[in-house]
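Trainee: no sequence for this one, just the structure:
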């Protein structure tokens, strides 16, 4: 007689706590893994775009820097070449009598627009004292002196009321677009006399204008220029008006 195989007993009711805990742990681990994987993918994507943006910014900044340098350099060259058309150093030096071997003091040399043509004209036997109260301007002149191995220009850091030239008895003192910028014009003009002889020419170049300035440091009218210098007791030798924008005033000390 054959016996029927007995069926395994059916387990009714909830799973045992230990089995339920194991299943939940597996499910939670799977959820954590998926969540962490998604986070990692998101981080990778974000980092990729951040790097791309940064590279673009660096490239753009570098390009912008190059463009800015080129633009500034072009503006400087353009500005200087334009200035040479209406304030030509060679023609001005011819008119005021700059000659080889002269000792010249330049008040307010700036970056050296007139300084270097003056030095070339006076030659090795001459000398140009390039004065300014701006250390940055003088540093630019010094850098060019080193670069071009120029020996007859001496940069001089001065004061607002005195150029502090290290040498007396100059053959000429020149001021190009400086008078209207002076904080203490009467004091400086008075102090210039100790660097001059009765034969020293004081050359002042200022804008040719009939309009009185309303405030410092804008350009002055011709009348104001003459009045200011007259306060310092100089003798006017002549005024040259051949330049399109400027007047050239030639003075000497009064005996």
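Mentor: The structure has been received and is ready for your questions. Keep in mind it's a predicted model, so treat the numbers as computed, not measured.

Trainee: state the number of residues packed around residue 193.
Mentor: 16 (other CB atoms under 10 Å). (Each C-beta comes from the backbone N, C-alpha and C, glycine too.)

Trainee: distance-wise, check it relative to residue 232.
Mentor: 8 Å (CB to CB, to the nearest Å).

Trainee: now residue 170
Mentor: On the measure of CB to CB, residue 170 and residue 232 end up 17 Å apart.

Trainee: same check on residue 157?
Mentor: 23 Å.

Trainee: where do the helices of the stretch 51-200 of the chain begin and end?
Mentor: 89-96, 115-122, 135-148, 185-192 (DSSP state H, counting those that start in this stretch).

Trainee: so which of those is nearest residue 162?
Mentor: helix 185-192 (4.4 Å; CB to CB).

Trainee: residue ranges in this protein under the pLDDT threshold?
Mentor: 1-36, 39, 43, 57-81 (pLDDT under 70).

Trainee: domains of it?
Mentor: 24-85, 87-253 (automatic domain parsing).

Trainee: mean neighbour count, these: which tops it?
Mentor: domain 87-253 (a mean of 17; mean count of other CB atoms under 10 Å).

Trainee: now the end-to-end length of that one.
Mentor: Using CA to CA, to the nearest Å, one end of domain 87-253 lies 26 Å from the other.

Trainee: what of stretch 185-203?
Mentor: 15 Å.

Trainee: a strand runs through residue 238, doesn't it?
Mentor: Yes. Looking at residue 238 with DSSP: H, G, I helix; E, B strand; the rest coil, it is inside a strand.

Trainee: start at 49, not 1
Mentor: I'll keep to 49 as the first residue from here, and by that count the last item is residue 286.

Trainee: and it, bridged to which residues?
Mentor: Under DSSP bridges, the beta-bridge partners of residue 286 are residue 298.

Trainee: hang on, isn't it packed against residue 295?
Mentor: No. With contacts defined as CB atoms under 8 Å, residue 286 does not count as touching residue 295, sitting 10.5 Å away.

Trainee: contacting residues around residue 249?
Mentor: Going by CB atoms under 8 Å, 6 or more residues apart in numbering, residue 249 touches 144, 145, 219, 220, 221, 285, 298, 299, 300.

Trainee: name the nearest of the residues you listed relative to residue 268.
Mentor: residue 299 (15.6 Å).

Trainee: hang on, the closest one packs against residue 278?
Mentor: No. Using CB under 8 Å, residue 299 is not in contact with residue 278, being 10.0 Å away.
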